[in-house]
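Enquirer: Sequence plus predicted model, see below.
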Amino acid sequence: QVQLVESGGGLVQAGGSLRLSCAASGRTFSSYAMGWFRQAPGKEREFVAVISWSGAYTYYADSVKGRFTISRDNAKNTVYLQMNILKPEDTAVYYCAAASSHRATIREYDYWGQGTQVTVSS
């Protein structure tokens, strides 16, 4: 069992930055790939970024590539999402999730956090 709690969301102007954190409970955190997803009002939840259990592999959605960076600290049971050059279209609830593989589809993620709101004003 893994419990996930996101933090770091808020209101920021376009062009600004935020860093989201996702704290995990459970001794098996380091064995999971971790992903970030987001869901805007009226839209489906979409993939943002993923990092493998070791941190050696990362992958990003095209819409955030070059602006967002995913990282993890297994000693702290935490995964991060550094978001730079934020745009109004990045406004959404951001979720972290855990999966057994960094190749998992969204349906294959086993554990989800409750989400944190990110609002980017123009």
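Expert: That came through, no problem.

Enquirer: centroid residue for the protein?
Expert: Taking C-alpha atoms, centre = their mean, the centroid of the chain lies closest to Trp36, which sits 2.4 Å from it.

Enquirer: ok now do that one, which residues does it touch?
Expert: Trp36 makes contact with 20, 22, 48-50, 68, 70, 79, 81, 94-97 under the criterion C-beta atoms under 8 Å, 6 or more residues apart in numbering. All C-beta atoms are positioned from the backbone trio N, CA, C, and that covers glycine.

Enquirer: so how far is Ala49 from it?
Expert: Plainly put, Trp36 is 5 Å away from Ala49 if you go by C-beta to C-beta, to the nearest Å.

Enquirer: can you check Asp73 too?
Expert: Distance from Asp73 to Ala49, counting by C-beta to C-beta: 16 Å.

Enquirer: Which of these two has more residues huddled nearby?
Expert: Ranked by neighbour count (other C-beta atoms under 10 Å), Asp73 and Ala49 place Ala49 first, with 23 against 13.

Enquirer: Pretty sure that one sits against Asp62.
Expert: No - using C-beta atoms under 8 Å, Ala49 makes no contact with Asp62, being 11.3 Å away.

Enquirer: And for the nearest residue to Phe29 once chain neighbours are set aside, the neighbour number?
Expert: In this structure, Phe29 finds its nearest non-sequential neighbour in Asn77, 4.5 Å apart by C-beta to C-beta, 6 or more residues apart in numbering. By the criterion of other C-beta under 10 Å, Asn77 has 18 neighbours.

Enquirer: Report pLDDT for Asn77.
Expert: Listed pLDDT for Asn77 reads 95.

Enquirer: list the contacts for it?
Expert: 23-26, 29-30 are the contacts of Asn77 under C-beta under 8 Å, 6+ apart.

Enquirer: In ChimeraX, how would I select the buried members of these?
Expert: Those of the contacts of Asn77 that count as buried under 16 or more other C-beta atoms under 10 Å are selected in ChimeraX with:
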select :23,24,29
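
Enquirer: In helices only, show me the contacts of Asn77.
Expert: Among the contacts of Asn77, none falls in helices (DSSP state H).

Enquirer: how about CSV for the contacts of Asn77, with pLDDT and distance to Gly15 added?
Expert: Converted to CSV, the contacts of Asn77 look like this (pLDDT from 0 to 100; distance: C-beta to C-beta, whole Å):
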residue, pLDDT, distance to Gly15
Ala23, 97, 28
Ala24, 96, 31
Ser25, 93, 35
Gly26, 79, 37
Phe29, 87, 33
Ser30, 87, 35
